[in-house]
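A.B. asks: Got a sequence here, can you build the structure:
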Amino acid sequence: MSIHVFGIRHHGPGCARSLRAALTELQPDIVLVEGPPDAQEVLPLMMHENMQPPVALLVYASETPKQAVYYPFTHFSPEWQALRYAQEQTIPTRFMDLPQAIMLAQTSEETQGTEEAPASPVEHAETAEAAPVPSIRTDPLALLAEAAGYSDHELWWERQIEQRQNITHLFEGILEAMTALRNEIAPEPENEQEAQREAFMRQTIRAAQKEGYQRIAVVCGAWHAPVLVEPGAAKADTARLNKLKRVKVSATWIPWTNSRLSYRSGYGAGVTAPGWYEHLWTAPDRISARWLTRAARLLREHGLDASSASVIEAVRLVESLAALRDLSSPGLAEHHEAIETVLCNGNSEPLELIRNKLEIGEHMGEVPPETPAVPLQRDLESRQRQLRLKPSSEIVQKDFDLRTETDRARSQLLHQLRLLHIAWGEPQQQRSKSGTFHELWQIQWKVEFVIAIIEANVWGNTVAEAATAHVIHTAETTEELPVLSELLDRVILAELPQAVEHVLRSLQKRAAISADVRHLMDSLPALARVARYGNVRKTQTEQVTPVINGLFERIVIGLPGACFSLDDDAAKLMFNSINRVQESINLLNRDDLRTEWQDTLRHLLTKEHIHGLIRGRCCRLLLEQQAMDEEELQLHTRLALSVTDAPQAASWIEGVLQGSALLILHQDNLWRALDRWLSELSGETFEALLPVLRRAFANFQAPERRAMGEKVRALGSIAHSSGRQTAGTMLENLDQQRADLVLPLLSHIVGV
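C.D. replies: Predicted coordinates:
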């Protein structure tokens with residue numbers, strides 16, 4: 001009876017190839033692999049013809065799916081190759097890590113009492129729990145690489161292991177090195193969960209021995225290898241594992257992506273370049289020629305020049321670099337340098353494209369239809385097939401024409417998933433097409449959506465049922481009107497009639513008792529969109545009109561009082577709310593509402609106790625709607641700028657300037673009044689107000705500010721000429737010297 005321990009590093013083609021060769025040579029009669037025993041039942045699915053790595057085992061707490069862990073695998077994962085070898089040879093295979101039923105129970109106890117559960121599931125592998133600064137236990141290879149003279153342990157591992165072919169004696173060296181690290185270097189304080197994991201692994205080995213297996217192959221993380229060679233007595237391990245609590249868990253397979261195998265994704269056991277490692281696994285011969293050809297093809301696909309002659313030169317450069325550096329074969333660093341020098345002509349910018357698309361990549365795996373799944377996921381998969389909307393990790397742009405049944409159903413599905421917090425698609429603003437029958441989407445499937453689907457299954461067994469139930473629950477527990485009105489807009493886009501009725505009733509109920517005018521104002525835009533565009537989706541929106549009318553009447557009645565004695569911060573909030581109401585009026589295009597709103601704005605404009613920013617905004621909105629003529633603008637401008645409170649006057653200017661520059665450029669009286677007001681300010685007051693004035697002009701583009709400067713210069717020239725030629729007019733008392741000093745400062749303020 002013999003135990004053969006193979007200490008491996010996760011996700012490495014050289015290590016996987018060597019392990020496969022070692023197992024073939026050993027011919028074990030059982031294979032024990034570090035992994036979750038909870039997933040033993042779904043292990044046979046990995047041999048299904050439709051199982052295409054990268055994939056991951058997902059183990060989650062049945063009652064709280066957010067508590068979950070992933071075990072990622074790909075073709076070049078040593079564990080995957082060990083499992084495949086055993087199943088191909090019909091050799092018994094078992095997972096031997098500490099069950100996730102225990103580990104998730106411990107996590108639950110640690111988080112008990114906190115306000116929220118963890119925001120995202122934990123990706124588990126050998127070093128998934130590593131701290132930001134690696135220790136010997138979490139990254140033992142770093143110390144070995146440092147001893148070999150490498151500052152980059154990834155580079156050391158690649159050159160020593162991944163680029164070599166079938167090193168059957170590799171694992172003896174790894175075992176010796178790990179034994180030295182654990183025995184000869186001062187150990188860190190023992191991690192109790194790590195000790196429990198190793199105890200359970202030894203218990204699994206002992207169980208195999210008792211069953212009479214003679215050649216036991218143990219595949220585990222390199223750090224654990226020394227303590228599994230001789231399991232020893234079971235008493236201490238049994239005591240450590242006794243009375244550990246468990247939770248009920250479920251397990252399944254899910255698709256994974258290459259990008260999620262990389263360090264950059266935050267995966268603790270990741271590799272720097274999974275795409276490069278996959279290339280080493282799938283193309284062990286002529287590595288450089290094939291890799292550089294792929295790089296050239298990628299550059300050409302993105303409009304960059306990369307000829308066949310350049311590929312040949314890059315191959316020569318790669319081989320020369322490897323020879324100069326005394327390497328057995330070129331590595332990723334050498335290929336990187338050759339691509340930048342030859343294919344990219346020394347430019348580093350295209351290398352980011354190579355990095356994202358080639359070295360990492362977005363290849364997504366597949367799992368068999370027989371894989372266990374909750375009913376909600378089955379319904380989603382059925383609708384995806386029906387609508388020919390296949391999940392992909394690539395970012396895809398879609399343009400849906402809502403006049404066609406298929407595109408309308410696709411939009412409906414994406415909106416329903418967004419209500420369940422599954423953002424498979426993100427709506428984009430329409431640019432190239434006008435009209436309401438087109439929807440632009442950016443679609444990208446993410447592997448973590450699987451957890452969200454499992455969580456959402458509690459609301460219903462189909463996407464529509466779950467979205468409806470979740471919306472009804474949200475409507476019943478939400479008190480804020482703006483949130484409810486936005487929810488109504490999203491529900492109508494998702495075409496959920498039952499949910500629409502429920503949200504509408506909740507909205508009417510909350511609106512009837514709400515006393516916050518700003519909440520009423522902020523609720524209006526979403527309702528206006530529903531009333532304006534609801535008919536595109538054949539939704540009856542007549543029910544929304546009475547709600548809009550009621551909200552609007554309460555707004556115009558309560559707005560003057562709500563604007564009384566606002567400080568600067570409160571005035572900015574009210575400023576935004578007034579803009580939202582104006583946006584809604586424009587969208588609804590109803591004369592009765594527009595007239596009543598203009599009367600309200602004019603009423604606010606005449607009240608001195610209202611903040612200058614609000615009065616300035618009211619003036620600007622009336623001007624934009626052509627509800628204020630030039631004479632009235634001049635009157636209100638003089639009144640606003642004649643006050644002794646200079647900060648309020650500056651705020652008025654800020655409010656009136658927000659918007660299109662073209663409209664302001666034609667208001668000569670406004671510029672003359674501004675000129676006169678600035679000329680009368682003291683130096684100290686001017687300096688104090690300068691930040692406010694600069695902020696007022698900050699939203700204009702450089703050409704617009706230049707036009708304003710020319711306007712100021714032209715008005716100055718006219719004033720200067722009039723001063724010489726029209727004695728006896730109102731300008732005869734103008735101090736020209738002081739005016740000439742003010743006009744350059746005004747030009748500086750507007751950015752000229």
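A.B. asks: helices and strands around the strand or helix carrying Ser523, which ones?
C.D. replies: Counting by DSSP states H and E, the element that carries Ser523 is helix 517-533. Where contact means 3 or more C-beta pairs under 8 Å, 6 or more residues apart in numbering; DSSP states H and E, helix 517-533 is packed against helix 481-494, helix 497-513, helix 544-562, helix 568-588. For glycine as for every other residue, the C-beta is placed from the backbone atoms N, C-alpha and C.
A.B. asks: and it with helix 481-494, angle?
C.D. replies: Relative orientation of helix 517-533 and helix 481-494, computed by axes from the mean of the first three to the mean of the last three C-alpha atoms, to 10 degrees: 10 degrees.
A.B. asks: buried set for helix 517-533?
C.D. replies: 517-533 (16 or more other C-beta atoms under 10 Å).
A.B. asks: Next, Glu154: secondary structure please.
C.D. replies: Following DSSP: H, G, I helix; E, B strand; the rest coil, the label given to Glu154 is helix.
A.B. asks: unless I'm mixing things up, it is touching Ser262, no?
C.D. replies: No. With contact defined as C-beta atoms under 8 Å, Glu154 does not reach Ser262; the gap is 11.3 Å.
A.B. asks: The two: who's more crowded?
C.D. replies: It is Ser262, of Glu154 and Ser262, that has more neighbours when counted by other C-beta atoms under 10 Å, with 21 against 18.
A.B. asks: Tell me, how many residues neighbour Val483?
C.D. replies: Neighbour tally, Val483, other C-beta under 10 Å: 18.
A.B. asks: before we move on, what about Ala562?
C.D. replies: Ala562, neighbours per other C-beta under 10 Å, totals 17.
A.B. asks: How much space separates it from Ala322?
C.D. replies: 74 Å (C-beta to C-beta, to the nearest Å).
A.B. asks: related to what we said a few turns ago, now the helix holding Ser523 and helix 544-562, what's the angle there?
C.D. replies: Using the same axes, to 10 degrees: helix 517-533 against helix 544-562 is 150 degrees.
A.B. asks: Next up, the contacts around the closest residue to Gln508 other than its chain neighbours.
C.D. replies: Spatially, and ignoring its direct neighbours in sequence, Gln508 is nearest to Val547 (5.8 Å; C-beta to C-beta, 6 or more residues apart in numbering). By C-beta atoms under 8 Å, 6 or more residues apart in numbering, the residues touching Val547 are Leu504, Leu507, Gln508, Ala511, Leu527.
A.B. asks: Most neighbours among those, which one is it?
C.D. replies: Leu527 (28 neighbours).
A.B. asks: Return the residues in contact with that one.
C.D. replies: Taking C-beta under 8 Å, 6+ apart as the test, what Leu527 contacts is Ser485, Leu488, Asp489, Val544, Val547, Ile548, Leu551, Ser584.
A.B. asks: can you put the residues you listed in JSON lines and add pLDDT and distance to Thr107?
C.D. replies: Below are those laid out as JSON lines (pLDDT from 0 to 100; distance: C-beta to C-beta, whole Å):
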{"residue": "Ser485", "pLDDT": "87", "distance to Thr107": "39"}
{"residue": "Leu488", "pLDDT": "87", "distance to Thr107": "38"}
{"residue": "Asp489", "pLDDT": "86", "distance to Thr107": "38"}
{"residue": "Val544", "pLDDT": "81", "distance to Thr107": "46"}
{"residue": "Val547", "pLDDT": "84", "distance to Thr107": "46"}
{"residue": "Ile548", "pLDDT": "86", "distance to Thr107": "48"}
{"residue": "Leu551", "pLDDT": "87", "distance to Thr107": "46"}
{"residue": "Ser584", "pLDDT": "90", "distance to Thr107": "47"}
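A.B. asks: Neighbour-wise, give me the winner out of those residues.
C.D. replies: When neighbours are counted by other C-beta under 10 Å, Ser485 leads the contacts of Leu527 with 29 neighbours.
A.B. asks: doesn't Leu507 make contact with that residue?
C.D. replies: Yes. Proximity of Ser485 to Leu507 meets the contact threshold set by C-beta under 8 Å, at 6.4 Å.
A.B. asks: what residues are shared contacts of the two?
C.D. replies: Common neighbours of Ser485 and Leu507 (C-beta under 8 Å, 6+ apart) are Ser523.
A.B. asks: Tell me the spacing between Ala649 and Gln52.
C.D. replies: Distance of Ala649 to Gln52, given as C-beta to C-beta: 69 Å.
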